[in-house]
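Undergrad: Just the structure for this:
(chains A and B)
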Number of protein chains: 2
Amino acid sequence: MAGKYYNLDNMLKPKSVAIIGASQSPEKVGHIIMQNYLNVGYSGEIYPVNVSSTGTILGKKSYKSVLDVKKPIDLAVIAIPAKFVADALEECGKAKVKSVIIVSSGFSEVGDSELQEKLVSIAKKYSLPVLGPNCLGVMDLRSRVDTMFLPTFKIDKPSIGGVSFASQSGAVGSTVLDLISHENFGLSKFISYGNAAVIDEADILNYLGHDPDTKVIIFYIEGVKRGKEFIEVAREVTKLKPVIIIKGGITPAGSSAAHSHTASLAGSYQAYEAVFEQFGFIQAKSLDEMLYYAKIFEAQPLTTKKRVAVITNGGGVGVLAADSLYLNGLEMATLSKESEKILRKAMPPIVNMSMPMDMAGDADDKRFGTAIDVFSKDPNVDALMIISLFQTPGADSRVASTIIKYGTESEKPIVVVSPGGNYAEVHNNMMESSGVPVYPSPEDASKALAALIKYSEYRERHSKSG
Amino acid sequence: MAGKYYNLDNMLKPKSVAIIGASQSPEKVGHIIMQNYLNVGYSGEIYPVNVSSTGTILGKKSYKSVLDVKKPIDLAVIAIPAKFVADALEECGKAKVKSVIIVSSGFSEVGDSELQEKLVSIAKKYSLPVLGPNCLGVMDLRSRVDTMFLPTFKIDKPSIGGVSFASQSGAVGSTVLDLISHENFGLSKFISYGNAAVIDEADILNYLGHDPDTKVIIFYIEGVKRGKEFIEVAREVTKLKPVIIIKGGITPAGSSAAHSHTASLAGSYQAYEAVFEQFGFIQAKSLDEMLYYAKIFEAQPLTTKKRVAVITNGGGVGVLAADSLYLNGLEMATLSKESEKILRKAMPPIVNMSMPMDMAGDADDKRFGTAIDVFSKDPNVDALMIISLFQTPGADSRVASTIIKYGTESEKPIVVVSPGGNYAEVHNNMMESSGVPVYPSPEDASKALAALIKYSEYRERHSKSG
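TA: This next block holds a predicted model:
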């Protein structure tokens, strides 16, 4: 390894890929992976490798071993039964392959630490960055790399964006990938790292932390291989960009489950919590929360101030918003006299100028637009919560457009609350694909805003102290 | 009023309805309400009433006043400007109308308590059950009554079922209605009661508590008009059926927002929490939680025991499930020797018999079916959590069918965890419409199970003490 941490560029932006275990049979993992490479329009070289191959696989000339390729190989993906993996890895070393992903399972996660140790020593011998085993590999929408061996029709494809996601668990990985497109934010890179035999959490955090295409990192971990190094990297990276973390195995019950899952030592809840807090991680308590946080950090500016202006087209949901802001340590903004004057003129007499400002069920795009514009300029307002109930008579796609217009112009963070069924969802998708984060309840939106402010404070504290 | 609490049968199952403010103009509230009655196939008599009417409205003979109808009227819906409402109500009294809904706003919620008091005294004079003012009215899918004046294309229609929903706030009401069909459970009755000038929380809880079509009650309140009576009713009703409550205005910020919303005195957080706890209410902290609780109570049996068996087709989500069960005070079940023996034979060697049981990503309907069947019969198991990640290669509609088959046969409560996008959602809808509650995360499922168990304990305690 060059330096203390592996560089994963060859793995995520390979110019050439060997697929060991590539096959003509559609049920084989190696077939699915190769098919994925072909489907996503990967423009580099593909070398299918199969010991029993004769001629071509999926239209490409095939090889019995990577040693037969005789051309530079940036990445080899190994998808063959566990017992053959060590030999294949040895051949990768000899062939000067630059990086390897082992998707095969059947190592320490099923109790076979010896077989896994063998892989580690081969990787060391050749200074070979190896991801896995027992993982889904990687996905990079920009470089069109996808080593996932999952049925693509089951997982919605995210758009290209600024969030990178690393997951120890393959199942959490594929589930969250599917949810990302549902939440309408954009993905940069996905790394499923499984047993972390060679490349571990510290390597991945370091790589994504310095990756210019990654604006926000989300991380599902069960344990940490090199605690000291992980903290060292975190200390640096959390000052550069938000790192949202969810830790499986925080309780005795979960910890024992995690141990039999990836054989990781899950550690104690308190110890992890303290570390996360101290080093500026944003801790999520559930998968939903992780995604809700990613959404606000991807698109909204940071702020350390807490005065939130709330507009709503439904009184009751405004009341719930006031409760949830308070419970999350945020404050209700008080408008400046100037703002009140403008709004008093623009709103019908029934609308009260106190917060949350209930614009009534017939509020249309004009009322929404005026209020958002005034709040955006008011020096007494630090952030906006816009409750837009699309069940009301006044709310339609012009309201959504108006929220997008002012929402993307404002220098203050904006969250939208819009619960509902099909009609609401169409408009939520519209707003989210333009970078306005939408939440199903005031509680979720308040939590996301509170996380944004907490992280902003961490950043400010640590930029001052240097 | 006959007895202490109003009977709402005439309002929810009327044989004849007068719509005061009915109009040919599509933008008028009275037009929308009348159109709704016609659209949902209401089979009773409809009498449009409009002071300036000549001839017919929407094809029905119209009247200048309810006094001109000269036939029995079970329900009058008043949808005219606030200043004319008192006179219309007086006429309803004289015409011996049996119940009245006032959807008009412009009373105590905008500070005009005097105008509202006038309504109260007229209602008293004629012993007239009056709902509102400032409300959406009612909906009963069985009797095909719908007084809502909202654009129907914006709100997904729930199916007929066992959950009744009462809401002080109209906005919360219409939003939750829209979400109900999204969560795929069935609605019995919806009552939006607004300012609660005459009919109040105690009346509604009492009515729904004794309504044979209502299995579960969900209730959004901001304040309570008659505290003593509300508690008296609650004491009885919570022993009969689950009552899920969400209270807006639990914090100082929310409470002041609630005051300007429906002019209700929201009271102190602690006082309400203590009352809810003592009298067996199930308290929800957010709209999502309220719906998640409704779902499990509508379809699943009660249990006071806490040993939960967990199966998953993805290890990481199983780890998160173990954490969330622990954090919600539930226990992980340990299988009987007998169960272990059967499962050991049915599962591939890679599957560990400890909980959560990770059946691996290729788990198909056979593995799911065997596990659910064995858990359902195991005396060491009290409840089941089934994690079915539809992103995995083995999960498809046969898995969903299997979960429905065993899930609806089992005498133990079952919750399913299935996060994801479009492919998952199709299968979630399939399971939910058959009465299997599906949750987006282990956390949500654990909370719902914990609420079920807590309420079951309350019921058991109070059935013993009588």
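
Undergrad: and the host helix or strand of A:Ser188, what does it pack onto?
TA: Assigned by DSSP states H and E, A:Ser188 belongs to strand A:187-192. Using 3 or more C-beta pairs under 8 Å, 6 or more residues apart in numbering or on different chains; DSSP states H and E, the elements in contact with strand A:187-192 are strand A:137-140, strand A:160-167, helix A:170-183, helix A:201-209. For the C-beta atoms, the positions are set from N, CA and C on the backbone; glycine is no exception.

Undergrad: Could you dump these into TSV and include mean neighbour count?
TA: What follows is those, written out as TSV (neighbours: other C-beta atoms under 10 Å in any protein chain shown):
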stretch	mean neighbour count
strand A:137-140	26
strand A:160-167	22
helix A:170-183	25
helix A:201-209	25
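
Undergrad: I'd like the ones you listed laid out as CSV, including distance to B:Val172.
TA: As requested, those are arranged in CSV below (distance: least, C-beta to C-beta, whole Å):
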stretch, distance to B:Val172
strand A:137-140, 40
strand A:160-167, 32
helix A:170-183, 24
helix A:201-209, 41
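
Undergrad: if we compare those, which one ends up closest to chain B?
TA: Among the helices and strands packed on strand A:187-192, the nearest to chain B by C-beta to the nearest C-beta is helix A:170-183 (2.2 Å).

Undergrad: How far off centre is the helix or strand encompassing A:Ala445?
TA: Counting by DSSP H and E, the element that carries A:Ala445 is helix A:442-464. Relative to the centre of its chain, helix A:442-464 is centred 18 Å away, using C-alpha atoms, centre = their mean, to the nearest Å.

Undergrad: elements contacting it?
TA: Counting contacts by 3+ C-beta pairs under 8 Å, 6+ apart, helix A:442-464 packs against helix A:227-240, strand A:282-283, helix A:287-299, helix A:315-327, strand A:383-387, strand A:414-417.

Undergrad: re the thing from before, want to try a markdown table for the helices and strands packed on strand A:187-192, with distance to chain B and mean pLDDT as columns?
TA: Converted to a markdown table, the helices and strands packed on strand A:187-192 look like this (distance: least, C-beta to the nearest C-beta, whole Å; pLDDT from 0 to 100):
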| stretch | distance to chain B | mean pLDDT |
| --- | --- | --- |
| strand A:137-140 | 13 | 94 |
| strand A:160-167 | 7 | 97 |
| helix A:170-183 | 2 | 92 |
| helix A:201-209 | 14 | 98 |
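
Undergrad: next structured bit after the worst-scoring helix or strand of chain A on mean pLDDT?
TA: The helix or strand of chain A with the poorest confidence is helix A:252-262; it has a mean of 72 (mean pLDDT, DSSP states H and E). Sequence-wise, the next helix or strand downstream of helix A:252-262 (DSSP H and E) is helix A:269-278.

Undergrad: So which elements touch that following helix?
TA: Helix A:269-278 makes packing contacts with strand A:243-247, strand A:282-283 when contacts are defined by 3+ C-beta pairs under 8 Å, 6+ apart.

Undergrad: Give me the angle between that helix and strand A:243-247.
TA: 180 degrees (axes from the mean of the first three to the mean of the last three C-alpha atoms, to 10 degrees).

Undergrad: Could you measure from the residue of chain A most remote from its centre over to A:Val399?
TA: The outermost residue of chain A relative to its centre, with distances by C-alpha atoms, centre = their mean, is A:Pro349 at 45.0 Å. To A:Val399, A:Pro349 is 21 Å away according to C-beta to C-beta, to the nearest Å.

Undergrad: cool, A:Pro212 as well?
TA: Remark: distance between A:Pro212 and A:Val399 (C-beta to C-beta) = 36 Å.
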